[in-house]
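Asker: any chance you can model this:
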Amino acid sequence: MGRYRPPRRRGSKYITPEGEHALREELHQLWKVERPVVTNAVHEAAKNGDRSENGDYIYGKRRLREIDSRVRFLNKRLDELEVVNRPPEDTSRIFFGAWVTLEDEDGEEQRWRIVGPDEFDLNSGKLSMDSPMARSLLGKGVDDEVVVQSPSGDKAYYVVDVSYQGNAPT
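Answerer: Numbers count the residues shown, from 1 in each chain. Here you go, the predicted structure:
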């Protein structure tokens, strides 16, 4: 089995200001903080002689490759991203950056923020705009019914609230 991986579909190019800040912080952390430490550790390990059996050297070089790969990705991705820092004209509808409160058929509420694919985090209530649920929500308004297809079957939700204010789910 080779290392070939088919090209992945590019995610949407939109990002919130908070998401851009987080990616820039990660880039700074990797390039200015972590990489110099790992480079120094590899340099010291290389002084110890036989590199073929030197675990610090081997794993340090592997970590350097990982860091460099992620740094290249972040640099390219940050160049092509478009920061969306203002709400849309029609704030009664769901668009990028909206906080959405949904109610399922059992009456349970969920609160999600529609964000770019580079910043989604389901544990924080951030849903990628490329996900099936977010795609079905886009353009909807309060009291609209949304049917989301999932592997376990279709699920219906009702839009309870749409907001472009606030940083965290309530």
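
Asker: rest of the way, CA atoms for contacts and neighbours
Answerer: Will do.

Asker: in the longest helix along the chain, what's buried?
Answerer: The helix that spans the most residues within the chain, counting by DSSP state H, is helix 55-80. Counting neighbours by 16 or more other CA atoms under 10 Å, one finds that the buried residues in helix 55-80 are 56-57, 60-61, 63-64, 67, 70-71, 78.

Asker: now do the helices in this protein.
Answerer: Taking DSSP H, the helices of the chain run over residues 17-28, 35-46, 55-80, 132-137.

Asker: what about the longest one, average pLDDT?
Answerer: What that stands for is helix 55-80. With pLDDT averaged residue by residue, helix 55-80 scores 95.

Asker: then stretch 22-29?
Answerer: Across stretch 22-29, pLDDT averages out at 97.

Asker: which elements pack onto the lowest-mean-pLDDT helix or strand in the chain?
Answerer: Comparing helices and strands within the chain by mean pLDDT, DSSP states H and E singles out strand 145-150 as the least confident, with a mean of 89. Other helices and strands packing on strand 145-150, by 3 or more CA pairs under 8 Å, 6 or more residues apart in numbering; DSSP states H and E, are helix 132-137, strand 153-163.

Asker: and with 10 Å instead?
Answerer: Counting by 3 or more CA pairs under 10 Å, 6 or more residues apart in numbering; DSSP states H and E, the packing neighbours recorded for strand 145-150 are strand 99-104, helix 132-137, strand 153-163.

Asker: which of those sits most buried?
Answerer: Mean neighbour count, computed with mean count of other CA atoms under 10 Å, is highest for strand 99-104 among the helices and strands packed on strand 145-150, reaching a mean of 21.

Asker: could I get the helices of the chain in JSON lines, plus columns for distance to residue 114?
Answerer: Converted to JSON lines, those look like this (distance: least, CA to CA, whole Å):
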{"stretch": "helix 17-28", "distance to residue 114": "12"}
{"stretch": "helix 35-46", "distance to residue 114": "33"}
{"stretch": "helix 55-80", "distance to residue 114": "19"}
{"stretch": "helix 132-137", "distance to residue 114": "7"}
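
Asker: now stretch 103-110: buried residues?
Answerer: Residues 103, 110 are the ones in stretch 103-110 that count as buried (16+ other CA under 10 Å).

Asker: check stretch 115-132 too.
Answerer: Of the residues in stretch 115-132, those scored as buried under the neighbour-count criterion (16+ other CA under 10 Å) are 115-120, 125-130.

Asker: so where's this structure shaky on pLDDT?
Answerer: Using pLDDT under 70 as the threshold, the predicted model of the chain has low-confidence ranges 1-2, 7-9, 166-170.
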